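Visitor: quick one: sequence plus predicted model below, questions after.
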Amino acid sequence: MPDAVSSPSPVRPGLATDVFDHLATGLAQLAPDGTWRRANPALARLLGTAPGALVGSAAHRDALAPVAAQVDAALTALAGGGDGLHALPVTLDRGEDGTRCLQLSLTALPGGDALLQLHDATALRTMELLQDTLAFGISHELRAPVRTIEQFSRRLAAQGDGADTALVRDHVQRIRGAAAQAGGLIDALLETMRAARAPRSPGPVDISLLGDWICAELQDADPGRAAHIDVTPGLWAWGDEHALKQMLGKLLHNAWKFSAHRDQVQIELDGERVGDRLRLRLRDAGRGFDMRYADRLFVPFRRLHGADDGAGHGLGLAIAQRLAQAHGGRIRVESAEDVGTTFFIDLPAPPAEDASPP
């Protein structure tokens, strides 16, 4: 006699799980006319809103404005058997939350509706940009000092036993300078690779103490420079102390070197806690720059000044921005030529109970 097979137990009302709302992928169900019937929490988070705010209208026309026309066209095409959209890139500027790089897909559902899927590709895009930075740095920026080393070492070898001592010294000095330049660039490329890492063991960080410490190091390295430095006490952030010191060091070093033409270096670091954020302002009275070129400032190897004005390898501020972003923060800038520059740094503040450590 065959074994008895028990019938499945009925699912009690209220216990069924709606997978749509629990998936990590952003999902929305769209009517043929583009109206959003539902959206899950993952998609709402990607767009910086609540699911309910997306339902009942063609929300993509505002929330996904850069590709809204393509979504509408694809919806129309789906009704005639079209293929929809697959991994369409979408870039959204989320203001202080930074830029989001997304991928959008649109596929047909039974009954005439469409499924919109949104994947966060920001980390992937960041990695691609990092690879581009490293490739450019190795193939272009590093080539110049290597070429100098090769050229002057060949000249040095050709001098023979009767070489002029002064000329030999000159060639050796050029080789050493190029080697130092190459070494500095390699170190900066390594810093760039590490800058996007998430903070290690975050905790309360005394930004005021770090500011005083870094400025003291700058003055010790350049004792002949007159300087007026004002750091507001009691500025606390939440993060990795080593990484935040590195970030602040890049910004303060920038302020110091681009104030070289002044009789006195003037630097002010102040700020305040706003809710759960620390808003810092770092001002200098240095060379400044034309704000028309501000978008280049945090791009690797894009220099706004020449080497004679103090420009280096062009990675310092890019590293600072990536360190801030790794902490969930951001740096923006305002400047005027021959007046000075102000960096605005947004960082997480410590939890309330850690805001003022004893």
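Guide: Happy to help now that I have it.
Visitor: same for whichever helix in the chain runs longest, what does it pack against?
Guide: Longest helix in the chain, counting residues (DSSP state H): helix 165-195. Counting contacts by 3 or more C-beta pairs under 8 Å, 6 or more residues apart in numbering; DSSP states H and E, helix 165-195 packs against helix 122-136, helix 143-158, helix 241-257, helix 316-326. All C-beta atoms are positioned from the backbone trio N, CA, C, and that covers glycine.
Visitor: go through it and flag the buried ones.
Guide: His171, Arg174, Ile175, Ala178, Gln181, Ala182, Leu185, Ala188, Leu189, Glu191, Thr192, Ala195 (16 or more other C-beta atoms under 10 Å).
Visitor: let's check: the centremost residue of this structure is which one?
Guide: Geometric centre of the chain, nearest residue: Arg322, 3.7 Å, by C-alpha atoms, centre = their mean.
Visitor: if I read this right, it contacts Thr192, doesn't it?
Guide: Yes. Assessed by C-beta atoms under 8 Å, Arg322 is found in contact with Thr192 at 7.1 Å.
Visitor: if we can go back for a sec, where's the longest helix of the chain relative to the chain centroid, distance-wise?
Guide: Centroid separation for helix 165-195 versus its chain: 27 Å, with C-alpha atoms, centre = their mean, to the nearest Å.
Visitor: who are the packing partners of the helix or strand following that helix?
Guide: Beyond helix 165-195 in the direction of the C-terminus, DSSP states H and E gives the next helix or strand as strand 203-206. On a contact count with 3+ C-beta pairs under 8 Å, 6+ apart, strand 203-206 meets strand 236-239, helix 241-257.
Visitor: mind putting those in JSON lines, mean pLDDT, mean neighbour count and distance to Asp132 included?
Guide: Putting the helices and strands packed on strand 203-206 into JSON lines (pLDDT from 0 to 100; neighbours: other C-beta atoms under 10 Å; distance: least, C-beta to C-beta, whole Å) gives the following:
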{"stretch": "strand 236-239", "mean pLDDT": "95", "mean neighbour count": "25", "distance to Asp132": "27"}
{"stretch": "helix 241-257", "mean pLDDT": "92", "mean neighbour count": "22", "distance to Asp132": "21"}
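Visitor: reformat the ones you listed as JSON lines; add distance to Phe136.
Guide: Listed next are the helices and strands packed on strand 203-206 as JSON lines, based on distance: least, C-beta to C-beta, whole Å:
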{"stretch": "strand 236-239", "distance to Phe136": "29"}
{"stretch": "helix 241-257", "distance to Phe136": "19"}
